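# Compute the structure for the input listed below.
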Amino acid sequence: MMIRRLAFGTLLVALALLAVPAGSLAGPVNHPFLSAGNPEYEDACGLAVNSSGALFVSDYYRDAVDAPGGQIKNEDPSDGPCGLAVDASGNLYVNNWRANVVEYTASEFSGGPGSVIDPGPATGVAVDASGNVYVDRGTYIAEYQAPFTPGSEPAKKIGLGTLGEGYGVAVSIYPETLGDLYVPDAADNTVKVYNPLSSLTAPIAVIDGKATPQGGFTHLVDAEVAVDPKDGHVYVLDDIGYGHSDHPKGAFDEFNSAGAYRGQITGFLDAEPSGIAFANGDVFLTSGNSEGSQIFTYGPTAPGRTLTVTKTGTGGGTVSTPPAGIACGNDCTAEYSEEETVTLFAHADGHSELTGWTVAGPGTEPCPGATPSCTVLLLGNVEVHANFAPAPQQKLSVTLAGSGSGTITSEPAGISCSSGTCSEEFTEGRVVALLAAPAPHNKIVGWSGCESQPSPTECKVTLSEAMTVKAEFAPLPQKTISVSLTGTGTGEVTSYPWAISCPGTCSEHFDEGASINLVASADPDSEFAGWSGGGCSGTAVICTVKMSEAQSVGVSFEALAPPPSKETTTTTITTTTITKPPPPPAQLKLVKIAVKGTSATLELSVSVPGSVSAAGKDLQSASAKAPAAGALTLDLALSKAGKRALRKAKHRNRRLKLTVTLTFSPASGAHAVLATETVTFRATKKHRRR
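Numbering: from 1, shown residues only. Got it, this is the predicted structure:
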């Protein structure tokens with residue numbers, strides 16, 4: 001699809017729009033939506049179109065909805081407008097973000113108070129052709145039947161017991177799916193389809209998104225869903241970049257009226273919260289963000305044609321269309337644009353073979369023989385049959401030998417052998433790859449019976465006849481590292497992989513050929529003086545030892561000179577035993593947390609001089625030095641991602657809890673002390689504004 005900039009001050013939908021097939025799905029170009037008097041929106045998180053083709057747009061951070069002939073101002077500072085819906089009479093329904101749902105008549109667009117339909121908290125609103133209003137309450141959809149009585153209970157509660165965490169709701173007015181409700185469920189990342197005439201609890205269908213390039217919906221919190229009235233196509237906004245940046249990447253997925261995957265647009269930012277609307281055959285989409293919110297238009301889409309794949313025969317296999325669309329047997333039907341060319345790929349299982357294709361549909365040509373691919377031109381609906389039959393089999397036997405141990409597996413699957421002899425039958429003429437995984441402290445010595453060996457751990461054979469392959473494992477020779485501590489000071493030496501902790505364990509065996517890292521840590525009253533032996537030298541605290549042979553490594557620690565005394569005294573020592581006192585422990589203690597807006601101050605107490613650093617998700621890194629033992633202050637601030645998370649945390653008791661990792665590094669070079677604390681930021685509307 002192509003994206004076009006909207007630049008009309010009256011908010012009326014343009015009629016002369018370029019028709020582009022939905023199947024092309026070209027990525028959008030970000031253009032600001034220029035409205036009358038507004039250079040751009042501050043979080044256009046809702047969108048609706050009335051029967052005249054006029055747009056209603058939420059402007060969350062300005063507490064307003066732009067409407068034809070006026071602007072609805074919401075003076076309540078705690079919540080802003082997001083989700084929108086318009087009925088056939090032109091009445092507007094506004095879902096204040098995760099709060100209530102309010103109805104405004106056309107006469108109230110210039111500032112009327114409106115009437116509360118649902119007290120909330122609500123995460124979506126939709127209206128059907130009869131004027132009935134549907135409100136997403138998270139675990140069910142509340143249906144309010146027109147005419148409304150203020151304060152009344154919903155006439156129906158739809159989805160109780162099957163809807164886990166609903167975000168958004170759409171109702172179809174397309175004849176074939178009339179009255180069906182579509183609800184994104186963030187609890188299992190699916191879109192559930194309900195028909196209240198069939199059941200108030202059980203969905204009649206579930207769109208799982210597995211045919212999309214992502215292999216399923218990624219993040220449907222604050223998602224948006226809409227149904228095109230002209231063809232029943234379902235559009236879902238999926239936040240595929242959630243948690244990766246302050247402006248996450250979104251995917252705009254399209255499904256036909258039967259739930260078959262149609263295509264996807266990616267490349268735009270800030271998928272949630274957003275809005276979708278339809279007018280004159282075009283699709284309108286907003287990107288929700290406080291910084292330069294966008295509105296895009298797509299379409300109209302080209303006519304869709306259905307491709308149906310059926311597997312026939314008594315053999316097994318799969319048929320797919322990379323990167324997405326058909327994945328048969330899971331999803332054997334998909335819709336594509338008319339005149340689009342689609343290539344199908346057949347993959348027989350380890351005991352079958354593809355014997356041929358059958359193609360039926362307007363203007364189609366046969367796919368020759370048993371070739372692994374079949375290309376069809378969709379001039380109309382097309383049916384393709386892929387026939388799989390059992391293939392002649394040959395036995396492959398694998399024997400494990402040697403004094404070592406390991407596991408041999410095969411590709412295609414069939415063999416998984418860890419002792420003795422294992423065998424499996426595969427299609428005659430099939431190339432089978434055998435993969436060796438030595439057990440810890442073991443190695444693969446060699447193979448016999450292979451046609452080729454791409455690597456020491458891989459063996460390939462072509463099964464033109466029964467074959468036997470032998471794999472030999474042997475224990476890896478062990479080499480010893482011995483560490484000796486010297487000098488007048490004290491300290492510790494540890495190894496990675498973990499085995500040595502000296503003093504204590506100063507000698508250990510490792511695999512021949514391995515690379516072992518030794519780490520020297522001096523005690524507070526000492527300093528590391530250097531390495532000797534084992535290829536180690538110098539005063540870097542880490543030394544890498546190559547285990548080609550046994551290694552002896554010396555580590556020197558020297559005592560630090562005591563500080564000069566201000567007074568000179570003479571002491572006569574007769575007979576005594578001097579024991580070195582233990583170094584003072586490095587301790588870090590949290591005294592107080594003070595939070596204000598998007599920053600926090602931590603009052604800490606440290607037992608020795610050093611420095612403290614802090615890190616955490618959605619926080620800017622921070623550090624502070626303590627020249628002496630005692631009190632220390634550390635200032636924290638939310639990152640851009642943290643500020644966005646704070647705005648979105650409002651529905652959870654208006655708080656955002658973040659875990660902070662504190663690292664206290666003593667000035668003496670002793671081991672660092674780690675601690676974790678929780679800092680709670682309180683989300684208010686003031687913090688949501690920029």
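# OK, contacts around Gly313?
352, 355, 387-389 (CB atoms under 8 Å, 6 or more residues apart in numbering). All C-beta spots, glycine's among them, are computed from the backbone N, C-alpha and C.
# Show me the two of those that sit farthest apart.
Ser352 and Asn387 (10.1 Å; CB to CB).
# list the residues that contact both of the two?
In contact with both Ser352 and Asn387: 313, 315, using CB under 8 Å, 6+ apart.
# and Val469, how many neighbours?
For Val469, the neighbour count with other CB atoms under 10 Å is 21.
# That one: what secondary structure?
Put simply, Val469 is strand when judged by DSSP: H, G, I helix; E, B strand; the rest coil.
# pLDDT wise, what is it at?
Listed pLDDT for Val469 reads 97.
# give the contact list for it.
Residues near Val469 by CB under 8 Å, 6+ apart: 396-399, 434, 447-450, 459, 461.
# List the beta-bridge partners for it.
Val398 (DSSP bridges).
# Can you tell me how far it is from Trp447?
Going from Val469 to Trp447 by CB to CB, to the nearest Å gives 7 Å.
# Between these two, which contacts overlap?
434, 459.
# Show me which positions of the longest helix along the chain end up buried.
In the chain, with assignment by DSSP state H, the single longest helix is helix 640-648. Neighbour counts over helix 640-648 (16 or more other CB atoms under 10 Å) mark 641-648 as buried.
# ok, now stretch 87-100?
So, applying 16+ other CB under 10 Å, buried residues of stretch 87-100: 87, 90-100.
# Please identify which pair of these lies farthest apart.
Maximum pairwise distance among the buried residues of stretch 87-100 (CB to CB): 26.0 Å, between Gly90 and Arg98.
# Okay, now the unreliable bits of the stretch 51-200 of the chain?
Applying pLDDT under 70 to the stretch 51-200 of the chain picks out residues 74-78, 109-112.
# at 90 instead, please
51-55, 58-81, 89-90, 97-98, 104-115, 120, 146-152 (pLDDT under 90).
# what pLDDT, on average, does the longest strand anywhere in the chain get?
Longest among the strand segments of the chain by residue count, using DSSP state E, is strand 655-666. What strand 655-666 shows for mean pLDDT is 81.
# What is whichever helix or strand comes after that strand packed up against?
Where DSSP states H and E defines the elements, the next helix or strand beyond strand 655-666 is strand 673-682. Identification of packing neighbours for strand 673-682 by 3 or more CB pairs under 8 Å, 6 or more residues apart in numbering; DSSP states H and E yields strand 588-596, strand 599-606, strand 655-666.
# Nearest to Tyr242 among these would be which one?
Of all the helices and strands packed on strand 673-682, strand 655-666 comes closest under CB to CB, at 15.7 Å.
# and the angle from the closest one to helix 640-648?
Interaxial angle, strand 655-666 versus helix 640-648 (axes from the mean of the first three to the mean of the last three CA atoms, to 10 degrees): 150 degrees.
# For strand 655-666, which strands pair with it and how are they oriented?
For strand 655-666, pairing defined by DSSP bridges yields strand 610-615 (antiparallel), strand 673-682 (antiparallel).
# Buried residues of the very next helix or strand once past the shortest one, list them for me.
Counting by DSSP H and E, the next helix or strand C-terminal to strand 610-615 is strand 622-626. Neighbour counts using 16+ other CB under 10 Å place 622, 626 of strand 622-626 among the buried residues.
# now stretch 382-394
So stretch 382-394, judged by 16+ other CB under 10 Å, has buried residues 382-389, 391, 393-394.
# That'll do, ta.
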